[in-house]
Each structure stands twice: as C-alpha cells, then as structure tokens.
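A.B. asks: Next comes the sequence, and after it the predicted model I'd like to discuss.
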Amino acid sequence: MTAESSRKIWPLPGGVYVEANKAPSLRAPVTSPPLPHQLVIALTQPASISPILCAAEGDYVLKGQVLAHGSSDAGINIHASTSGTIIRITPHAVPNTSGEHELCVILQPDREERWTRMAPVENFTECSSELLYARIKDAGIRGLGGAAFPTHAKLVGATNIHTLVLNISECEPFISCDEALVHKYLNEVITGTQILLHASGATRCLIGIEDSKPAAIRALRAALSDPRIELVVVPALYPSGAERQLIYSLTGVEITADTLPVEKGFLCHNPGTALAVMRAVIHGEPMISRVTTVTGAALAAPANYEVLFGTPINELLQLCGVDNENLSRLIIGGSLMGTQITSAEVPVLASTNCILATTHEELPAPLPEQPCIRCGFCVPACPVLLQPQVLYWDSRQLALTDATSHHLADCIECGACAYVCPSHIPLVQYFRAAKAEIRIEAEQVHIADSSRQRFEFHQARVHAEKVQQELRRAERAALMKPAPEQPLEVNSAQATIAAALARVKAKKLEQALSASNNTKTDEGETKR
Amino acid sequence: MSNGTLTSSPHDHQRVKISHLMQQVLLACVPGLTALVFFFGWGTLINLVWLVPSALALESAAVWLRKRAVRIHLQDYSAVVTAVLLALALPPTLPWWLSLLGITIAIVIAKHLFGGLGNNPFNPAMTGYAVLLLLFPDYMTRWLEPAGSGQTLPGLMDSLNFFLGREPDAGFDAFTGATMLDSFREQHGANLFTEFWNTSPLSGQWSARGWEWVNAGFLMGGIFLLYKRIISWHIPVSLLAALTLFALVFHDSGSSQSLGSPLLHLFAGGTMLGAFFIATDPVTAATSRRGQLVYGAFIGAIIFAMRSWSSYPDGVAFAVLCGNAAVPLIDAFTRPRTFGRAP
Amino acid sequence: MNLPLINIPFTLFALLLLAIALTASHRVAQNYLRRTNKPDVDAIDALLPQTQCGQCGHPGCRPYAEAIANGSEINKCPPGGARTIDALAQLLRVQPLPLDPSHGVEATRKVAVIREAECIGCTKCIAACPVDAILGSAKHMHTVIARECTGCDLCVEPCPVDCIDMVEAQTLAQSWHWQRPEASRHIGEAHKIIVCQGALR
C-alpha cells in the first residue's frame, strides 16, 4: 500500500492564486495529430555545445534514427521523428522571443513510419546505473518541464541522491499536458519512475501534485503500489510547481538558485520525462515526441496532443480551429512564464509544453507602466522572499552591484510580482535586462582579463626575443673582434661585463616568462 | 495581430490599478470626515472642495512641466489623496491662500521636485502641513471647540468667511479655542489628571470631545483598508502599540505629573488618521515587514514625545516626517532573508 | 518685522561670495587629494577593456592606466566607451565625461578576419597583434582566432596585401536578451500572425 500523504507540507513562502484555465484543454483525452506535411527538427543543444550532424541532405532516415549529436558529452542526441527524406538542413525559426534561427533538419515524411529501435531491456532492475544512464543519453532524453535540460547530464556525476521528486504540480495557468499525460499513460509513468529510482539510487520518490487535480490524484492513488513512491498533495498556488519550490513544499529543504538540486540529493523530473525513460529502456524508443497543450480562447477546440518533435505549430493551431480574426498573441508556455512568439511557422520542441493562442478578451494587452509606489504587494507574492520593489529600483537604474547584493540572481522570473503589481510595471523584464547586464559585464571582465594576460605574455616574449638577440650579438662581437688598437684586457673585460649583463637579463626574463606561464596554468586550473 | 509590442512574461495580470487603491483610501476617509464636519462645522469640507481641484491643477502643471503624460498621471488619484489627507489635517478655519500654499508645497515641492509619485522621501501632505505649521503657527493652531462643549459651532456662512480670510461677524474668538491636547498641556502639573478630566469642558466620553468620534471614524476607515488588504497591519498596530505603551508608562496613575491616559492619546488629535492613512503611505514607509514594525513604533514614540515634551500640541506630522527620514536606515537594517540564504 | 530692504542685496551678495569660496575650496581640495592619493594603477587597468589598441595615445592599456593615475582624462578609450568611463569615474570619484571624439567613436565590437585566399604568409600581422590572436607561420596562411581578437585594428595597417577586414563580431543566439522596458517599448514592429495552411513558406 502506498504511504498516504500524512507528510507535512511546508507552505510556499509567497505565491499567487491564479485562475487555472485548464478545463478546456482537458475535455478530450490525449490523441496524436495527423502526420504533418513537413517536420522541422531543431538540433538545439545546451549552451556552448554545437550539434554534429550524422545525416546529410537527401538522406533517407528511419524513425528514431540519430540525426545529430552534441559536440561534447553534455550534448543531446536528436532523432528523426518519423521516417522520410531530409529535404534541407538549414537555420530555421524556432519558438523564441528573439526570433533568432537555429539549425534544423527539414524532413519530408514518407508516411510509412519505419522504425529503428535500440535493443529493448528485458528487466531493468538487473541493469547497472551506468547502462541505464547510457540508454537515457542515447535516447536523447531531455526534461519536458520547459527548460529541456538533458536528463543524463542531470544524472551523471550526481552521487548520494536520496529523493526522486516527480513533479506533476503543473501550477501554471493553461498548461495541462502533464495531467493529461498522467491520465493516459499512468502505468508507463510509474514504470519510468521506478527506472529512475533504480538508476539514480534514490530510496524514495515523492510525487508532488496540486490539490486542484482530484481525478489525477484518485487515479494515482489507485495505481501506486510501490512502497518507495509516496503521493503528496500540495495546495494549488502559483508557482508551487517550480523545481526548488516543490522540493521545499515536500521536504522543507531550501535550495538557492546557484545550487543544483542534485547537489542536495534531489532529482526532480517531469512525468513526461519518466514516460520517455520508460519507452527508451523498455521499448528502446528514443525521445521523438511529447504531450503538448494547445489551448486559448482563439481556438475552437483546445486539446492535448502527443506531438512529434518538429511538427509546425501552424498545423496544430489549424487542427484546433484557430480564429485568425481574434488571435491577439501566440505564447509558448503558460500565461505567466511563457514566451511570446511572432510567427506560427515554428516547430514544436522538447520545451514546448503549451501553445497558447489567446485573444484580447482573455489576456488583455499590458496597461501602461505607472510609477512604483512601493505598495509592497509584490513582497508577499515572491516565492523566493525577495523584495521586488527594491530590485526594481536597482534594475531600472542598472545599479548592478546593488542588484547583486539584493540577490537578483535568486529571482526565478515566475512573474508573480508583476502579476499583482497595481502599477503594471513589467518587473520581470526589468529583472531579465539587469541579469543580462550583469552577465555581459562579467563576460567583458573575463575577456579583458584574458586579453591582458595574453598581452603581458606577448610583451614578455617580445622582450625575451630582443634580449636573446642582444646576447647573441654581444657574444659574437666578443668572439670575432680582433681589437688591435686597444689593450686586450680592457676589451675582454668589457666583453665579459656585457656577457654577464646579458646573462642576468636573460635569466630575469626566463623567470618572468616562467612566472607568467605559471599564472597562466594556475588560472586555467581554477577555471576548470 | 494588431498590437505591435513584444512583451516579456507574465502575459496575464491581476486587474488591479493604483487608482482602485486610491479610490478605496478615499472611501475609507468618509467616516472620519463625517465626524469632523459634525463636530467642527463646514470648514474641513470647504478645505476639501478647495484643495482637490487645486491639487489636480498643480499636479497637471507639474507633470506638464516635467514633460510627462498628464492624463496618465492624473488617473492615479495620488494628488487627490494628498489633497484629501491635507484637508483632513488642516484646521477648519484656514483662509484659502494658506491651504493653497500648503497643497503647493505638498504637490510641487514635496512630490514633484523629488521626482514625482514614488520618488518622494517625505509624505507630501505632511510636508505641506508641517511647513505651514512652522510658517504660520497662529493660523495653524486656531482650532474650533467641538460641538457640545459650550462654544457655538460656525455655520456655513461663518465657515465661508474663515475660508475667504474675513473675520466672521461674531469675531474669531466666538468660535475658536484650544484643543483638548492644548488645554491638557497648559494645565500640566497643576491638577490631578482625573480632576482636570472631570472639569474640562473638552472632555468627551472616553477621550477628547468630538475628537474621539473623529478618531473612531478614521479607525473604522483603517479597519476597512486592512480588510481590503490595501494596507498591512504592521505599521498602524505597532504605531498604536508604541503610543499606548508610552502613555501607560507616563500615565503615572493619573497624578498631577500624568501625561495623559492611553485612551486620551489614542483617540485625540490626529492619532488614527496618522496611524492608518498617513504613516501607511507606502512610498515613504519602510519596505520589509520587520522594518514596518520598527517604523510604526518609531512614529508612535515620537508622537507621544512631541505631545508631551515639545511646544506643539500634536506631533503626528512631525513624527511621520521623522519616520520618513529614518526609512533608509530602517530598511538597511531590516532586509529580509532570501529563500535558501542565511539572513 | 522691521527689515530694511537694503539688506536683501547684501545678503545675496554675501551668499554668492560664500558659494564661490566654497566651490573654489572644494576644487582645490579635490585636486590636491587626486594628486596625493594616487589611485591604484592595477584597479584602473582592471576597468580598461584591454584591447591594447592604442587609440588613447598610449602604447597599450596599462600605460593609459598609469597616465590616468597621473591625472590624464578618463574619456580617451573608444573601445570601452561610456561603460568604461562610468566605471572609471566611479573608481576615481570624478564626474563622468563624454568620450573624447579626437580618440575615436564608440562602436560595436569588431574582429579582424583574414581573407585567407589572399594571405601571402608574411607574418607581419602576427608581429603586430598585441594579444597573440593570429595563428600562422612564415609562407603559410594565417588566420585570426576570433574569440581572442580584441578588435584593436593594429594588424590591418602592416598587411602588405590588404587582406584583413574588420567585421562586426558575430553575436550568438544566446546573446539576445531583454532590454529594460523604456528602451525596448517600441522595437517590436507591428505584425500580424496568420496561421495558414501548409507548414512552411
């Protein structure tokens, strides 16, 4: 029998009550949309890693075949979502605010769905963690909560994991993909959770779910039989589903923004990730699809779809009966943390948890910004106990040192402060801008420091070359000069002095050089 | 898609505006204002009717000179609130030019010269009040005796005469008189507290006649604001608690050295107006909850000290300004703990 | 009160004198302190962008830092621009000045690119590069390590075949970031999303 949630719940510091708006998309069960005309598979990799292609334009690829992998171990394998021919490999618009393009593979499906799978694992309890990690990496699994962080990178190197947290909290308005997924794939998610428990070595799993999802709670209660897995119901309050906030609600452990939960022994996963892990291990299928919510008042039939990566958002919106007249904004994600996009001709990525096609009536345009009156409404809303009104002044004036000392870096950009602000100040935007400025400043300092080092090294080298040249010249002069007019002793004495001076110079230079070399290696080590 | 701006998240917003907040504050002033008019005649209402349009005109002019959008700034109602609070604080006998000077100091100097709403370190209404008190002490202490204390209450015509700066037919002295706090100060040390209390015509049922109801009105309004969550309890509660504590300590069992009973202090002068409407002005108050407790207690203590040991009968305005001046220091020492970090 | 009106101009005059005297003494004290409390050259050097371009008229950033410590103006560094001037002003407690245009104008960061087909392998640019950001050897093609190039421009002049271009430093996808609202209010062009049939244009 599952341990029932008699567990103490730590109330979230801060948070706001927001209307959930999830019912429209939950009316129908999860279905798969028809195969799109073309798939635009983004080869997006984590920061500072570039994709390395494994296929070329014109190639025929099977469903599940690797298209690209990362340039380092932390990279992600990208697989073909269906079988077909690669038409082009080109930068293409992806759902982001900046509108910058990413390298994408454009695939023409042949509609035959010919698979290539990895070998299925019969009994995962007999596999070692390393083997399971390797499978998770091969399957290209990344977190489906929104950040699309590679799952294997989360696992590797994490020792002493004691608690696995399955995050079904899903606190953000409009998003219902996790709830819908749990309804459809309940047993698969539990199996995936057991695989993650086994692979990570955690002794228990806490499933965090908001009390606003009674049907899912009932279903989970009925299906859970593993004594290691405990269902914990948390109050519905935005942002209870943020990773660190959920861990706090469940266990009372506070984790700051600069600490990873795995460092404290927590591994936090989304049910979609658990499902993908189960498919990768038990069926040998890589991650090529996700459940995505397509919702908003501009749609006639909001729904949750199990979508292949690369499906153009355009086609999904068509499928749901989009009303072009009333469509005011397209948002990837929910209404509080989503990203506004300007074009629907972008593909679904692993991070696309929700497509929100909204109208002016549903989400009115922001009102003009008014002065901050320091009313302090934002303070009880902040889930990380910051003082947004203080950070606002810092960010507005780009007083970066003050912003840092007021812990701007701890801001999770949940938007609760801006949601309640009676002056309609886009606080999150101010905070993002200030964070970017801080990052740029740090980068510039870093660039300047390395330039200075190279410059100093360059100067020392030039100097050393000059000295050595002089030394050689002096030596040559001393050897070759017959010196008929002057007494020999004086001449040789002069030469000796010159040679000695040169030696001293050369020695000094050598020291300087080795010193600068040393600092260079030191610096390199600390960086590492 | 018609609107052309890309917005950062969040894309949804609680439908609350500053103007809603300010309107609630104005609504909460009604009971106190009613009591003021009932006990002290039309003067306060005339002040109010005069000051609100003046404040709006001054605000428009200042905003226009600062090259900002006039319409947006008038919509926040902050100038109206400043005007109303100043009108409630000023004596009902002031001539028009004096109250105009007060509101000019409040809006132009205390607010816009410091950068407008949100940037002013000192409460505008109280700055206006304090400057008038320093410049024109005789006008500013010319209060009326409340209805029921023996003096006649000025009628509408008399109040208008006051407002126009003309002496009423019956002369100033027919109406004006010391306030309770005034007369208590003057007799301090001469009589037992109870003796004074029983003989003074200014004594009411539990505090100063008239003032007790004015304060009760503002207390009601304050509770309304608390209920509506427009203000938090921290500042008023700590202010009133500090005032009560000092009054208890120095009440001295009602001896001739008594500085007044706690009830007298809580319900006399501008205590409740100050505690719920003025000290809670978020722009000029401390930010953190802990800081607000310190800030409120600081103001409460200064109110008591000014009433007891300074030459002014009431000290709410000066106390609030002192509190405003202390805010940066209080904020620096009461920074709250961030999630996951040591305090 | 019985104040003779004649006192008013006298009072104003006295105040004026006082103001002049105080301003002058403030200037003197500031100059004195600046000369006696020489700021740390390392601290100044740390704020300079280290392009080593010499646009300030000094052979490198450190010499300029030394010059600033000895009283040179802080507005001679075009690569650092307003950001560097502000930082220096804060460090030295002086008023920030606008960039002196005689030393150049503030521009986006550039990097040198060698048109490799035209390079004759003369190594002149390698010798000119102050930060060793050019790779190559005699009679072999050279190339610029873009990540290490400071955009100082010093390699362009010595090249005998003029095959070095200064181009805008490439911005990465991750380099886009939100601006403060007042700066970005109107950058978004009016647009209309039409969800149309078919996947791609």
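C.D. replies: Sure, I can see it.
A.B. asks: Name the residues of the stretch 101-250 of chain A found near chain C, please.
C.D. replies: Residues of the stretch 101-250 of chain A that fall close to chain C, judged by C-beta under 8 Å from any C-beta of the partner chain: A:His101, A:Glu102, A:Ile106. For every residue, glycine as well, the C-beta is placed using N, CA and C.
A.B. asks: Name whatever forms a beta bridge with the first one.
C.D. replies: It refers to A:His101. Going by DSSP bridges, A:His101 is paired in beta bridges with A:Ala93.
A.B. asks: right, and it touches A:Ala93 too?
C.D. replies: Yes. In this structure A:His101 lies within contact range of A:Ala93 using C-beta atoms under 8 Å: 5.6 Å.
A.B. asks: which one of those two has more residues nearby?
C.D. replies: Per other C-beta atoms under 10 Å in any protein chain shown, whichever of A:His101 and A:Ala93 has more neighbours is A:Ala93, with 20 against 15.
A.B. asks: Isn't the more buried one up against A:Thr342?
C.D. replies: No. Using C-beta under 8 Å, A:Ala93 is not in contact with A:Thr342, being 9.0 Å away.
A.B. asks: Looks to me like C:Leu15 is in a helix.
C.D. replies: Yes. Remark: C:Leu15 belongs to a helix, assigned using DSSP: H, G, I helix; E, B strand; the rest coil.
A.B. asks: Next, count neighbours for residue 50.
C.D. replies: Going with chain A. 12.
A.B. asks: The chain in question should be chain B.
C.D. replies: 18.
A.B. asks: tell me the contacts of it?
C.D. replies: B:Ala87, B:Trp96, B:Ser99, B:Leu100, B:Phe163 (C-beta atoms under 8 Å, 6 or more residues apart in numbering or on different chains).
A.B. asks: Among these, which one has the most neighbours?
C.D. replies: B:Ala87 (28 neighbours).
A.B. asks: could you say which helix or strand contains that residue?
C.D. replies: Using DSSP states H and E, B:Ala87 sits in helix B:78-89.
A.B. asks: next SSE after that helix?
C.D. replies: On the C-terminal side of helix B:78-89, the closest following helix or strand by DSSP H and E is helix B:96-104.
A.B. asks: next SSE after that next one?
C.D. replies: Sequence order places helix B:124-135 as the next helix or strand after helix B:96-104, per DSSP H and E.
A.B. asks: which helices and strands does that following helix pack with?
C.D. replies: Using 3 or more C-beta pairs under 8 Å, 6 or more residues apart in numbering or on different chains; DSSP states H and E as the contact test, the elements touching helix B:124-135 are helix B:78-89, helix B:96-104, helix B:137-140, helix B:316-333.
A.B. asks: Now do the contacts for the nearest residue to A:Ser50 once chain neighbours are set aside.
C.D. replies: In space, not counting the residues next to it along the chain, A:Ser50 is nearest to A:Ser71; the distance is 4.8 Å by C-beta to C-beta, 6 or more residues apart in numbering or on different chains. Taking C-beta under 8 Å, 6+ apart as the criterion, A:Ser71 is in contact with A:Gln45, A:Ile49, A:Ser50, A:Pro51, A:Ile52.
A.B. asks: do A:Lys154 as well
C.D. replies: By C-beta under 8 Å, 6+ apart, the contact list for A:Lys154 reads A:Gly143, A:Val262, A:Leu267.
A.B. asks: again with B:Leu117
C.D. replies: A:Gln370, A:Pro371, A:Ile373, B:His73, B:Asp76, B:Ser78, B:Lys111, B:Val283 are the contacts of B:Leu117 under C-beta under 8 Å, 6+ apart.
A.B. asks: mind checking pLDDT for it?
C.D. replies: pLDDT, the model's per-residue confidence, is 86 for B:Leu117.
A.B. asks: Tell me how far it lies from B:Ser19.
C.D. replies: 12 Å (C-beta to C-beta, to the nearest Å).
A.B. asks: Could I have the CA atoms of stretch A:412-427 written out in PDB?
C.D. replies: Extracted C-alpha coordinates of stretch A:412-427, given in PDB (Å, rounded to 0.1, in the frame of the first residue of the first chain):
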ATOM      1  CA  ILE A 412      13.200  32.700 -10.700                       C
ATOM      2  CA  GLU A 413      11.300  35.000 -13.100                       C
ATOM      3  CA  CYS A 414       8.000  33.400 -12.200                       C
ATOM      4  CA  GLY A 415       6.200  36.800 -12.700                       C
ATOM      5  CA  ALA A 416       4.100  36.600  -9.500                       C
ATOM      6  CA  CYS A 417       5.300  40.100  -8.600                       C
ATOM      7  CA  ALA A 418       4.400  41.600 -12.000                       C
ATOM      8  CA  TYR A 419       1.100  39.800 -11.900                       C
ATOM      9  CA  VAL A 420       0.000  41.600  -8.700                       C
ATOM     10  CA  CYS A 421       1.700  45.000  -9.400                       C
ATOM     11  CA  PRO A 422      -1.100  47.700  -9.400                       C
ATOM     12  CA  SER A 423       1.200  50.000 -11.400                       C
ATOM     13  CA  HIS A 424       1.600  47.400 -14.200                       C
ATOM     14  CA  ILE A 425       5.300  47.500 -14.100                       C
ATOM     15  CA  PRO A 426       6.900  44.800 -16.300                       C
ATOM     16  CA  LEU A 427       9.100  43.800 -13.400                       C
END
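A.B. asks: near chain A, which residues of chain B show up?
C.D. replies: Chain B comes close to chain A at residues B:1-3, B:5-14, B:16-18, B:20-21, B:72, B:76, B:78, B:116-119, B:232, B:282-283, B:285, B:287-289, B:335-341, as judged by C-beta under 8 Å from any C-beta.
A.B. asks: Give me the number of neighbouring residues for B:Phe277.
C.D. replies: For B:Phe277, the neighbour count with other C-beta under 10 Å is 26.
A.B. asks: Phi, psi for it please.
C.D. replies: Main-chain torsions, B:Phe277, degrees, to the nearest 10: phi -110, psi -30.
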